[in-house]
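Colleague: Make a model of this:
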Amino acid sequence: MPTGEADWAGVGRALGRGGNMLRGAIYHTGFPRRDLSVISDGVLVRPGLALGAHVSFVRYVDGSAMAMGDVVVTEEEMQRAIDAWQAHGIALTALHKHLLAQYPDIWWVHLHGHGRDAEALARGLRAGFDRTGTPPPAPPGPSLPMDLDIAGIEEALGTEGTVEEGVFKCLFVRRETVRSGPLVLPAGLGSTCAFLFQPVGGGRAALAGDFAMAADEVQDVLEVLRRGGIRLVELHNHHLDESPRLFFTHFWAVADAVGLARTLRRAVDAARVEAPVGEVPAG
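Modeller: Got it, this is the predicted structure:
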């Protein structure tokens, strides 16, 4: 059901930070890990590239609320954060990595909660965050020059993107309606393809991302990515009971940004995804 920021004021207080509305239905809150200095493949990873934890809330007409999150934790933090979430009834739906050979070791935990009390869900999420080094909210840093051919990337992908904290981002969403159990998910929530480009100089970029695929698309998409020199990191599920069944691949490359975008476009053409209408959360 449609909601506004005022409807989520209690959730914001419980989480310890405010969020923003997406598409009139999703209350989205970011928890970027600006406290971490992570290196992968010789690249110092910016929070916007692969350290951007977030949680989203949706209200349904029966008065219940669903919370869904994708959270960055260090290997040292992971078990105690999981214990806190489980103690508060927050379900784990995936545990994996988004990066190759990163230092220090970091992991991503996908979380899910559903109930009548959205603030209780938020308190449960906060309990896990409090067992990590996730820093308090802070305003975004200054805009940095983008040493990327953004127009060329957008032309190759056939969609416009956005610049956030020094990273260029393009999103695609599944065309079909996706459900989590009996609950319809707003477009893009939990079913987004996110392509993130961090400039590394000379028009080259570190590429990280996430591609949502139906089972019959997996092999075609993976083959396209590999033929284009993009390295595969993970292949897994993010949900437990979604319909249709979705698989996600995380990927990595450091190369000419426009060339990478052309490969990603071929992968997009191999799947039933499209550029979103309006802003959607990644994940």
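
Colleague: residue ranges for the strands of the stretch 51-200 of the chain, please.
Modeller: 52-59, 65-74, 91-96, 102-103, 106-115, 162-164, 167-174, 179-180, 183-184, 192-201 (DSSP state E, counting those that start in this stretch).

Colleague: got those as CSV, with mean pLDDT and mean neighbour count columns?
Modeller: All C-beta atoms are positioned from the backbone trio N, CA, C, and that covers glycine. Converted to CSV, the strands of the stretch 51-200 of the chain look like this (pLDDT from 0 to 100; neighbours: other CB atoms under 10 Å):
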stretch, mean pLDDT, mean neighbour count
strand 52-59, 94, 23
strand 65-74, 96, 23
strand 91-96, 96, 15
strand 102-103, 89, 15
strand 106-115, 96, 20
strand 162-164, 91, 14
strand 167-174, 95, 23
strand 179-180, 91, 18
strand 183-184, 91, 14
strand 192-201, 96, 22
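
Colleague: Looking at those strands, which is nearest to residue 133?
Modeller: strand 65-74 (7.3 Å; CB to CB).

Colleague: closest one to residue 263 among the strands of the stretch 51-200 of the chain?
Modeller: strand 192-201 (10.3 Å).

Colleague: Tell me the helix or strand right after that closest one.
Modeller: For strand 192-201, the following helix or strand on the C-terminal side (DSSP states H and E) is strand 204-214.

Colleague: Might you report the residue contacts of residue 271?
Modeller: 193, 211, 212, 213, 214, 217, 220, 221 (CB atoms under 8 Å, 6 or more residues apart in numbering).

Colleague: try 10 Å
Modeller: 172, 174-175, 193, 211-214, 216-218, 220-221, 224 (CB atoms under 10 Å, 6 or more residues apart in numbering).

Colleague: can you check residue 269 too?
Modeller: 158, 220, 221, 224.

Colleague: Just send the strands of the stretch 51-200 of the chain back as TSV, with distance to residue 138 too.
Modeller: Compiled in TSV, these are given as follows (distance: least, CB to CB, whole Å):
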stretch	distance to residue 138
strand 52-59	14
strand 65-74	16
strand 91-96	27
strand 102-103	23
strand 106-115	20
strand 162-164	14
strand 167-174	17
strand 179-180	32
strand 183-184	33
strand 192-201	20
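
Colleague: how about the helices of the protein, start to end?
Modeller: For the chain, applying DSSP state H gives helices covering 9-15, 47-50, 75-87, 118-129, 150-157, 218-227, 257-269.

Colleague: Could you export the ones you listed as a markdown table, including mean pLDDT?
Modeller: Converted to a markdown table, those look like this (pLDDT from 0 to 100):
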| stretch | mean pLDDT |
| --- | --- |
| helix 9-15 | 97 |
| helix 47-50 | 92 |
| helix 75-87 | 97 |
| helix 118-129 | 97 |
| helix 150-157 | 97 |
| helix 218-227 | 98 |
| helix 257-269 | 98 |
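
Colleague: Quickly compare these and say which is most buried.
Modeller: helix 47-50 (a mean of 25; mean count of other CB atoms under 10 Å).

Colleague: can you tell me which of the contacts of residue 271 lies nearest to residue 273?
Modeller: Nearest member of the contacts of residue 271 to residue 273, counting by CB to CB, is residue 172, at 4.3 Å.

Colleague: Who does the closest one form a beta bridge with?
Modeller: residue 193 (DSSP bridges).

Colleague: for it, what are its contacts?
Modeller: 157-159, 188, 191-195, 211-212, 264-265, 267-268, 271, 273-276, 280.

Colleague: And for residue 31?
Modeller: Taking CB under 10 Å, 6+ apart as the test, what residue 31 contacts is 15-17, 47, 51-55, 69-72, 125, 129, 132, 134-137.

Colleague: ditto for residue 93
Modeller: Neighbouring residues of residue 93 by CB under 10 Å, 6+ apart: 68-70, 109-112, 180, 190, 237-242.

Colleague: Of those residues, just say which sits nearest to residue 165.
Modeller: Among the contacts of residue 93, and counting by CB to CB, the member closest to residue 165 is residue 70, at 16.9 Å.

Colleague: That closest one contacts residue 250, correct?
Modeller: No: with contacts counted by CB atoms under 10 Å, residue 70 stays clear of residue 250, the gap being 11.1 Å.
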